[in-house]
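Asker: here is the input, now give the coordinates:
(one chain, ligands or ions: 3)
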Amino acid sequence: MTETGTTVEDGSNTRRHRIYVRGTVQGVGFRPFVHQAAADLGLVGWVRNEGSSVAIEVEGPGERLADFRNALEGSPPPLAEVLEVLVTPIEPVGETVFQVLASERRDEPVQVASDIATCADCLAEVLDPDDRRHGYAFTNCTNCGPRFTIVDQVPYDRTNTTMSAFTMCEACRAEYEDTSNRRFHAQPTCCPDCGPSLTLTDLSPDGPPPNDPIDRAAARLLDGEVLAVKGLGGYHLAVLADSESAVERLRSRKHREDKPFAVMVPDLDAAQGLCEVDAIGEDLLTDPARPIVLLRRRPDCPIADAVGPHTTEVGLMLPYTPLHHLLLRAVGRPLVLTSGNASDEPIAYRDDDARRRLAGIADAILSHDRPIRIRTDDSVVRSVAGQPMAIRRSRGFVPDSLRLPVPTRRPVLGVGAELKSTVALADGDRAVVSHHIGDLRHLETHGSFLEAIEHLGRLFQIEPQVVAHDLHPDYLSTAHATGIEGVDLVGVQHHHAHVAACLVDNGRTDEVIGVAFDGTGHGTDGTSWGGEFLVADLAASTRRGHLEVLPLPGGDAAMREPWRMAAVHLAHLGDPMAETPLRGRQPSWDDVVALAGSDLAGRTSSAGRLFDAVAALVGVRDVANYEGQAAIEFEQRVDPSETGAYRAGLFDDGTLVVRGSDLFAAALDDLRTGIDVGRIAARFHHGLADAVVETCDRIRADGGPEVVALTGGVFLNRVLLTRAVEGLEGCGFEVLRHREIPPNDGGISLGQVAVAAAFDRR
Ligand code: ZN
Ligand code: ZN
Ligand code: FE
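Answerer: Ligands and ions are numbered 1, 2, ... in the order given. Have a look, this model is predicted:
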């Protein structure tokens, strides 16, 4: 409890207000800010956290109370987000001071903030040789530092975080209790005398003797070695990003063939030296969440090709902890920082586990003794057609809550899909989406899925009574949902969930034409969908059109081997023996064509598989080493000077069918006449976008909505999205697109809870 002596003058004008402030107002310096505002205005009363809100009682002259309210709404601390201020006049009680009271535990939902990159004030201290926190890797304050990754339960107080083992020294305690200090009530505050410390552990038998862990770690990196580094939400693996041999070493030890690595650079200038950074890219790079931002490499970019083989983009991020700042400065070169795991496993975040799993990959481990409570991968964003778009929403954004446009009647859990998995919890108008969990088919990921549900439920005190799941009978998430006892289950069609996620991202409830393009999702007819035109609102959805349905020879194998879809299309054109170089490279070509023609093959309307077919046909990629690789590389081949477009037929057999095979056939013709891949890529992308516009136009003409929601992972494609948005807007449509919520399956859990909430109200 803190007291200061601000006395109120006597006067007949004295009023007292009880104020609730809703939003992200805990763990962000809100109470000190309120205290300061009251002190500045000479008001008395108190402030404390109550559940998700901050509660205030404030007393003084009426006009100053108005000023006080303006300050709450107009100039809150940088990390706070004020959603609502509720004011109730009450009887004055005549105190003499303004107090900050301890948190009151209440049985109502609470708001836990996300992790925030080191602020400028803290960085200045870390770099100041005269400061007591000089060179200290765990410096933080109310405006920055760990939150979600260290909190065990609510309320957000030090005892409920992984900092509970560290007792504040006198100097830190004084700052923590000083209302005018930047560290007033900063729960993880610490210093070299009382806080966590770094250690460098050699994993090779004869490492050099210890001295400063950061200098030693830097020396190892400069020798080309692989270093494991304990970060905020897990362990990273680090190597010099501009050393081809160091990056190759990491790739081979991690068993990761092509999937690009992220690169950390010390500041914005360094980022601009490597990549083309537009204004949106600048905002994204410097966002306090510090996501990985996908950017186009400059022609002279010194980053090793092995960082992202076959790609013209690189994911850059800026340092977000003092440890990163210190390490980057000590090394003086850009560093690969990729998740600490072997390919496809979840990121390691527990010390013993990291030591065991990274032993064969890293040469040394730079670790520390502040435990990570929950694994949280780096977030990934991209600027698409003039706006930011989330690709992976995790560290820095989770668990910031989102507003459901239709509130739940009963608390809801959404268990997500299978790949790029997340889970979501919702109560009332508030939804919380978990950190990135990953591919549920891995045993360890499945454990992390269960932990996420339990942990989020505890942090936000939400006990689901309704559980929403995908319709796919074989997804492990579906199996989990159907095994929960005492709840009502709501099965949500995959692409309806994608459309709903886009509606929530835009705060909308109206009926739209949802264009959901992705790799796969279980359709209501039991086939694999993925090129869908749904007329949908949050509660219901009708399939009004789709891409042409073709055989899917060998489900998962078809996803890994794009050439199979090229074979399907060639066979479909009646030209299965077409003498393409592709056919010559695939010994099992004839078997796949035979399989495609049999009853054993599945059927799909997937847009992702259409991209695969054309990309494989023109020689971009026969086999994908990660999900979506062929389509990603195909997009990068687009020649921006080409304006032409293929044309896909549109016919109506009760539902509208876009003949994707026309696009494939046009590409084949162009290939045979020697048109280069860049032009073919452009004409294909343009043709598919134009088909989206034409199909939406037809649905509208039949009485459909005038709003289109573009969703599904395929709409991360810049060329496709840009042309579709331009075409749709040119036809008078309003276009909704994703921003904060990924269009890929990372957004499915949120879409599921939104659908279940709307459904539960009907
Ligand atoms: Zn700070
Ligand atoms: Zn201290
Ligand atoms: Fe999907």
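Asker: would you check how far apart Pro399 and ligand 1 are?
Answerer: 20 Å (CB to the ion, to the nearest Å). Heads up, the C-betas are built off the backbone N, CA and C, glycines and all.
Asker: quick one: that residue is in a strand?
Answerer: No - applying DSSP: H, G, I helix; E, B strand; the rest coil, one finds Pro399 to be coil, outside a strand.
Asker: burial count for it?
Answerer: Using other CB atoms under 10 Å, Pro399 has 23 other residues around it.
Asker: ditto for Asn211
Answerer: Neighbours of Asn211 using other CB under 10 Å come to 10.
Asker: roughly how far does it sit from ligand 2?
Answerer: 23 Å.
Asker: show me what from the chain comes close to ligand 1.
Answerer: 119, 122, 141, 143-144 (CB under 5 Å from the ion).
Asker: kindly report the residues of the protein close to ligand 3.
Answerer: 518, 521, 745.
Asker: and which of those residues is nearest to Leu366?
Answerer: Asp745 (33.2 Å; CB to CB).
Asker: need the pLDDT of the closest one.
Answerer: Looking at Asp745, its pLDDT stands at 98.
Asker: mind listing what it touches?
Answerer: Contacts for Asp745 were tallied using CB atoms under 8 Å, 6 or more residues apart in numbering; they are 416-421, 518, 713.
Asker: kindly provide the distance from the nearest residue to Gly713 once chain neighbours are set aside to Val398.
Answerer: Leaving out its chain neighbours, the residue that sits closest to Gly713 by CB to CB, 6 or more residues apart in numbering is Asn744, at 3.5 Å. Applying CB to CB, to the nearest Å, one obtains 16 Å for the distance of Asn744 from Val398.
Asker: distance check, the closest residue to ligand 1 within the stretch 201-350 of the chain against ligand 2.
Answerer: The stretch 201-350 of the chain approaches ligand 1 most closely through Pro322 (9.3 Å), counting by CB to the ion. The gap separating Pro322 from ligand 2 is 15 Å, by CB to the ion.
Asker: for that residue, grab the count of nearby residues.
Answerer: 23.
Asker: the one 4 residues further on too?
Answerer: For Leu326, the tally of surrounding residues (other CB under 10 Å) stands at 25.
Asker: helix/strand/coil for the residue nearest to Cys169 when sequence neighbours are not counted?
Answerer: Using CB to CB, 6+ apart and skipping residues adjacent in sequence, the residue nearest Cys169 is Cys194, 3.8 Å away. Secondary structure, three-state DSSP: Cys194 is coil.
Asker: for Phe397, give me its contacts.
Answerer: 114, 289, 291, 379, 390, 740.
Asker: how does it look with 6 Å?
Answerer: With contacts defined as CB atoms under 6 Å, 6 or more residues apart in numbering, Phe397 is in contact with 114, 289, 379.
Asker: and the most centrally placed residue in the chain, how far is that from Asp427?
Answerer: Compute the mean C-alpha point of the chain, and by CA atoms, centre = their mean the closest residue is Arg393, 1.0 Å away. Distance, Arg393 to Asp427, by CB to CB: 20 Å.
Asker: what about Gly660, how many neighbours?
Answerer: Residues near Gly660, counting by other CB under 10 Å: 29.
Asker: cool, and the one 4 residues further on?
Answerer: As a burial measure, Phe664 scores 26 neighbours (other CB under 10 Å).
Asker: now it: which helix or strand?
Answerer: helix 660-672 (DSSP states H and E).
Asker: what residue in the stretch 501-650 of the chain comes nearest to ligand 1?
Answerer: Closest point on the stretch 501-650 of the chain to ligand 1, by CB to the ion, is Asp505, at 30.0 Å.
Asker: could you give the backbone dihedrals for the nearest residue to that residue once chain neighbours are set aside?
Answerer: With CB to CB, 6+ apart as the criterion, Asp505 has its nearest non-adjacent residue at 4.4 Å, and that residue is Ile741. Main-chain dihedrals, Ile741, degrees, to the nearest 10: phi -100, psi 130.
Asker: poorly predicted segments of the stretch 51-200 of the chain, please.
Answerer: For the stretch 51-200 of the chain, residues meeting the criterion pLDDT under 70 lie at 103-111.
Asker: cool, and the chain?
Answerer: Using pLDDT under 70, the flagged stretches of the chain are 1-12, 103-111, 204-210, 576-577.
Asker: residues of it that sit close to ligand 2?
Answerer: Residues of the chain lying near ligand 2 (CB under 5 Å from the ion): 169, 172, 191, 193-194.
Asker: which one of those sits in the busiest neighbourhood?
Answerer: Going by other CB under 10 Å, Cys172 tops the residues of the chain next to ligand 2 with 21 neighbours.
Asker: sec struct for the residue in the chain that ligand 3 sits nearest to, please.
Answerer: The nearest approach of the chain to ligand 3 comes at Asp518, 3.6 Å away (CB to the ion). When classified by three-state DSSP, Asp518 comes out as strand.
Asker: residues making contact with the helix ranked longest in the chain?
Answerer: The single longest helix within the chain, with elements called by DSSP state H, is helix 677-701. Identification of contacts with helix 677-701 by CB under 6 Å, 6+ apart yields 513, 515, 533, 544-545, 614, 618, 634, 637-639, 642, 644-646, 648, 650, 656, 658, 663, 667, 670, 708, 719-720, 723-724, 727-728, 731.
Asker: quick one: that helix to helix 660-672, angle?
Answerer: 160 degrees (axes from the mean of the first three to the mean of the last three CA atoms, to 10 degrees).
Asker: list the buried ones in helix 677-701?
Answerer: 677-700 (16 or more other CB atoms under 10 Å).
Asker: how distant is that helix from the center of its chain?
Answerer: 28 Å (CA atoms, centre = their mean, to the nearest Å).
Asker: over to stretch 258-276?
Answerer: On CA atoms, centre = their mean, the centre of stretch 258-276 falls 19 Å from that of its chain.
Asker: tabulate the CA atom coordinates of that stretch in CSV.
Answerer: Taking Å, rounded to 0.1, in the frame of the first residue of the first chain, the C-alpha atoms of stretch 258-276 are listed here in CSV:
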residue,chain,number,x,y,z
ASP,A,258,14.3,-25.5,-46.8
LYS,A,259,12.0,-23.8,-44.4
PRO,A,260,13.4,-20.2,-43.9
PHE,A,261,15.0,-19.2,-40.6
ALA,A,262,14.3,-15.8,-39.0
VAL,A,263,17.1,-13.3,-38.6
MET,A,264,17.6,-10.8,-35.8
VAL,A,265,19.3,-7.5,-36.5
PRO,A,266,20.2,-4.8,-33.9
ASP,A,267,17.9,-2.0,-35.1
LEU,A,268,15.8,-0.6,-37.9
ASP,A,269,18.8,0.8,-39.8
ALA,A,270,20.3,-2.6,-40.0
ALA,A,271,17.0,-4.1,-41.2
GLN,A,272,16.8,-1.4,-44.0
GLY,A,273,20.3,-2.4,-45.0
LEU,A,274,19.2,-6.0,-45.7
CYS,A,275,15.7,-5.7,-46.9
GLU,A,276,13.2,-3.4,-48.5
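Asker: list the contacts of that stretch.
Answerer: Counting by CB under 6 Å, 6+ apart, 241, 277, 285, 292, 295-297, 301, 303, 307-309, 311, 314-317, 328, 334-338, 625-626 sit against stretch 258-276.
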